[in-house]
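[1] after the sequence you'll find the predicted model.
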Amino acid sequence: MSGRRFHLFAKCRGAERFETLVVGPGADRLAVDSQGVPRLRDQDEAAEEGFWLAPITAHGQSYLVAVSRGSSRLRVNGWFRPGVAILAERDHIQLDADTVLHVALFQEPQISLATPDLAGKNCPVCLAPFSIDPPTTVYTCGHCGVHVHCEGEDKPADERLECVMLAPNCPACGMPVVMKRGYLWQPEDGHE
């Protein structure tokens, strides 16, 4: 879903801090530049060696698919992987003796006004319909895409529908409701 993106915290031997690499929504090629620093590039079909990364969602969970090309093999969590590896948050990738990447998810809450395609559909919590006139504010789950009322202080307290605040988890998929932007996890010496 659009509210979640994979970030890789890259740490090379001798570096004092992590460098953050943002994985795009399509396939990216993971390469090490001439200074030994990992970089993400648009997919380059001509390259015979290397790794390609692509985010996927299955059963409400986000994963990163890593494909090795040529003789290159990823070491994930200390183990060499075959041509295709499924990576999750908190996994670490070792590209060589000097370079380690930590997999993290960055989330942004998806709060917006109801769109015309939501008009008349019901909130799964209170069963009241969403409207566009007057506009209803909705939260969209970053895991499964379900919409829930999320009215703010712009409405009087007795008129607000704050269904998203009634439980810490999505009513459809059970995953945590994210109401502030940030990392779900990051390595201890990572940065914000």
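    Thanks, I have the structure now. All figures in this text were calculated on a predicted structure; none of them were measured in a lab.
[2] buried stuff in the helix or strand of the chain with the lowest mean pLDDT?
    Within the chain, no helix or strand scores below strand 38-42, which has a mean of 82 by mean pLDDT, DSSP states H and E. Using 16 or more other Cβ atoms under 10 Å as the test for burial, strand 38-42 gives Pro38. The way it works is simple: take the backbone N, C-alpha and C, and place the C-beta from them, glycine included.
[3] same thing with stretch 95-104?
    Those would be 95, 99-104, for stretch 95-104 by 16+ other Cβ under 10 Å.
[4] neighbouring contacts of that stretch?
    Residues external to stretch 95-104 that are found in contact with it (Cβ atoms under 8 Å, 6 or more residues apart in numbering): 6-14, 18, 21, 30, 32, 36, 38, 51, 64, 74-75, 87-94, 183-187, 190.
[5] swap in 7 Å and give it another go.
    With Cβ atoms under 7 Å, 6 or more residues apart in numbering as the test, stretch 95-104 has contacts from 6-13, 32, 36, 38, 64, 87-94, 183, 185-187.
[6] narrow those to those that are buried.
    6-12, 32, 38, 64, 87, 89, 91-94, 183, 186-187.
[7] name whatever forms a beta bridge with the residue nearest to Asp33 when sequence neighbours are not counted.
    In this structure, Asp33 finds its nearest non-sequential neighbour in Arg39, 5.4 Å apart by Cβ to Cβ, 6 or more residues apart in numbering. On the basis of DSSP bridges, Arg39 is bridged to Ala31.
[8] look up phi and psi at the residue of the chain most remote from its centre.
    Distance from the C-alpha centroid of the chain peaks at Asp158, with 34.9 Å (Cα atoms, centre = their mean). Main-chain dihedrals, Asp158, degrees, to the nearest 10: phi -80, psi -10.
[9] same question, Leu118
    Dihedral pair for Leu118: phi -90, psi -20, per degrees, to the nearest 10.
[10] so who does it touch?
    Going by Cβ under 7 Å, 6+ apart, the list of residues near Leu118 reads 130, 138, 147.
[11] the first one: neighbour count?
    In this case it means Phe130. By the criterion of other Cβ atoms under 10 Å, Phe130 has 22 neighbours.
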